[in-house]
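Trainee: Kindly return the folded structure for what I paste below:
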Amino acid sequence: MAQLQATPPQTLCHSRRRSAGPAARRPMVTFRCSASARSSYSITLLPGDGIGPEVVDVAKNVLFVAGAKEGVELRFQEMLMGGAALDAVGVPLPDETLAAARASDGILLGAIGGYKWDTNEKHLKPETGLLDIRAGLGVFTNLRPVTVFPQLVDASPLKKEIAEGVDIMVVRELTGGIYFGRPRGFGTNDNGEETGFNTEIYSVSEIDRIARVAFEVARKRGGKLCSVDKANVLEASMLWRKRVTAIASEFPDVELSHMYVDNAAMQLVRNPKQFDTIVTNNIFGDILSDEASMITGSIGMLSSASVGESGPGLFEPIHGSAPDIAGQDKANPIATILSGAMLLKYGLGAENAAKRIETAVEQTLDNGFRTGDIYSPGTTLVGCKRMGMEVLKALESQK
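Mentor: You can find the predicted model right below:
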């Protein structure tokens, strides 16, 4: 790979505290860059399963060109994860993969899972590798932007007047709650019936740190934060609401509201523009962000970033592995391309390079190119590779 002479990219380590006094004594909350600003970075690629290798290959090329235009050299290495790792070495997250991910400046993941491994025991399921790498990297915050592109508003299942202008950021706690809580497992009740059980548990420190991140995000957006819980039923949610309310005193410029998760699910389709930033726990965030994604018209359009207090972040599209279309050049690579833009912005601090990708995607949509999931009459139907080529053309045409 050629060495590129460059000035360091703009650093975007967000949200450092501003002044002396009480605010300055609060814990500092940042979206950290994985390393100090420089011109060369190591990126670990985890293509994974299904359509993952197809969309990661496209995104890698876009990332390289966007970085080069801003004098940022990106060095890529591919590692096994998920079903691909199971088939090759017998585990969903090899030690070598986690070590490589930790040693890199950012990780781009394609997709995990497939029918082939559905009947595996839990510790041998591809999805276990995903949970393990999140825990291994310490990425406790998942950022999922939900934006309706003007070019695709007619693809939304909602009426145009409801979907138009939607711009939401879902902040999901990622390493706690029922997905990680213990005790968990199988047992037998007093009647001799087999049971399955999980534990929804959060500590004060886990809630406080995600709440502070969410308030910082809301402060930089529209100044409104909606905390979603089930505090009328669940003790874990009662503590969640108590702590989020307490943290709100540190952010008097952000308007806080609370909503039960069942009502939030309804409001997302009834009036999604009422939301600016949403913060919620692991399982509610998993469900609500997937629901919100459909407002945009396709899950194939949405990116995500998972970040922690130190070390590299994990960036991935929110769609699954889509094994039914894998290898057929039908996948929409835009979510993975935009995940690459989030990697540049939140992981490396290369905000200008990230903006180049976002602009190139919008130009490609303006030019009428669509994969099957977002196709409508009057537009040009293309496959995964062609969509990537058109984004590259738009990117390369930029000054």
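Trainee: Remind me what the host helix or strand of residue 392 packs against, helices and strands.
Mentor: In this structure, residue 392 is located in helix 384-396 according to DSSP states H and E. Helices and strands touching helix 384-396, as assessed by 3 or more CB pairs under 8 Å, 6 or more residues apart in numbering; DSSP states H and E, comprise helix 52-69, helix 334-342, helix 351-366, strand 369-370. The way it works is simple: take the backbone N, C-alpha and C, and place the C-beta from them, glycine included.
Trainee: In CSV, list these along with mean pLDDT and distance to residue 129.
Mentor: Formatted as CSV, the helices and strands packed on helix 384-396 follow (pLDDT from 0 to 100; distance: least, CB to CB, whole Å):
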stretch, mean pLDDT, distance to residue 129
helix 52-69, 98, 12
helix 334-342, 97, 18
helix 351-366, 97, 27
strand 369-370, 96, 32
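Trainee: and of those, who's closest to residue 386?
Mentor: strand 369-370 (7.4 Å; CB to CB).
Trainee: which residues touch that closest one?
Mentor: Outside strand 369-370, the residues within contact range by CB atoms under 8 Å, 6 or more residues apart in numbering are 376, 379, 380, 381, 382, 386, 387, 390.
Trainee: how about a cut-off of 10 Å?
Mentor: Strand 369-370 is contacted from outside by 151-152, 155, 298, 332, 334, 363-364, 375-376, 378-382, 386-387, 389-391, 393-394, using CB atoms under 10 Å, 6 or more residues apart in numbering.
Trainee: Which residue ranges of this protein form helices?
Mentor: Taking DSSP state H to define them, one finds helices in the chain at 52-69, 83-89, 95-103, 126-137, 160-163, 204-220, 235-247, 261-270, 282-293, 334-342, 351-366, 384-396.
Trainee: Excluding chain neighbours, what is closest to residue 166?
Mentor: Nearest-residue entry for residue 166: residue 148, 4.4 Å, with adjacent residues in sequence omitted and distances by CB to CB, 6 or more residues apart in numbering.
Trainee: Can you turn the buried part of the contacts of strand 369-370 into a PyMOL selection?
Mentor: Entered in PyMOL, the line below selects the buried ones among these, by 16 or more other CB atoms under 10 Å:
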select buried, resi 151+152+155+298+332+334+363+364+375+379+382+386+387+389+390+391+394
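Trainee: Wait, the residue nearest to residue 166 touches residue 158, no?
Mentor: Yes - Residue 148 is within contact range of residue 158, at 9.0 Å (criterion: CB atoms under 10 Å).
Trainee: which of the two has more neighbours?
Mentor: Using other CB atoms under 10 Å, the more surrounded residue of residue 148 and residue 158 is residue 148, with 24 against 19.
Trainee: Just list the residues touching that one, thanks.
Mentor: So residue 148 contacts 155-156, 158, 160, 162-168, 272-273, 295-297, 301 (CB under 10 Å, 6+ apart).
Trainee: Now the buried members of the residues you listed.
Mentor: With burial judged by 16+ other CB under 10 Å, the buried subset of those is 155, 156, 158, 162, 163, 166, 168, 272, 295, 296, 297, 301.
Trainee: Pipe those residues into a markdown table and attach distance to residue 279 per row.
Mentor: Below are these laid out as a markdown table (distance: CB to CB, whole Å):
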| residue | distance to residue 279 |
| --- | --- |
| 155 | 28 |
| 156 | 24 |
| 158 | 23 |
| 162 | 23 |
| 163 | 23 |
| 166 | 18 |
| 168 | 12 |
| 272 | 16 |
| 295 | 18 |
| 296 | 20 |
| 297 | 25 |
| 301 | 22 |
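Trainee: Filter those down to just the ones in strands.
Mentor: If you go by DSSP state E, the buried ones among the contacts of residue 148 have residue 168 in strands.
Trainee: any idea which of the buried ones among the contacts of residue 148 is closest to residue 140?
Mentor: Closest to residue 140, out of all of the buried ones among the contacts of residue 148 and judged by CB to CB, is residue 168, at 20.3 Å.
Trainee: what is that closest one paired to in the beta sheet?
Mentor: On the basis of DSSP bridges, residue 168 is bridged to residue 146.
Trainee: I'd guessed it sits against residue 295; true?
Mentor: Yes - using CB under 10 Å, residue 168 makes contact with residue 295 at a distance of 8.3 Å.
Trainee: what touches both of the two?
Mentor: Both residue 168 and residue 295 are contacted by 146, 147, 148, 268, 272, 273, under the criterion CB under 10 Å, 6+ apart.
Trainee: is it true that residue 359 touches residue 338?
Mentor: No - the criterion here is CB under 10 Å, and residue 359 misses it with residue 338 at 11.6 Å.
Trainee: So for these two, which sits in the more crowded spot?
Mentor: Neighbour totals were compared for residue 359 and residue 338, and residue 338 leads with 24 against 15 (other CB under 10 Å).
Trainee: Residue 266 versus the more buried one, what's the distance?
Mentor: Residue 338 is 28 Å from residue 266, where distance means CB to CB, to the nearest Å.
Trainee: What does the pLDDT read for residue 16?
Mentor: We have a pLDDT of 34 for residue 16.
Trainee: Can you pull out the low-pLDDT segments for the stretch 51-200 of the chain?
Mentor: The model of the stretch 51-200 of the chain has no residue with pLDDT under 70.
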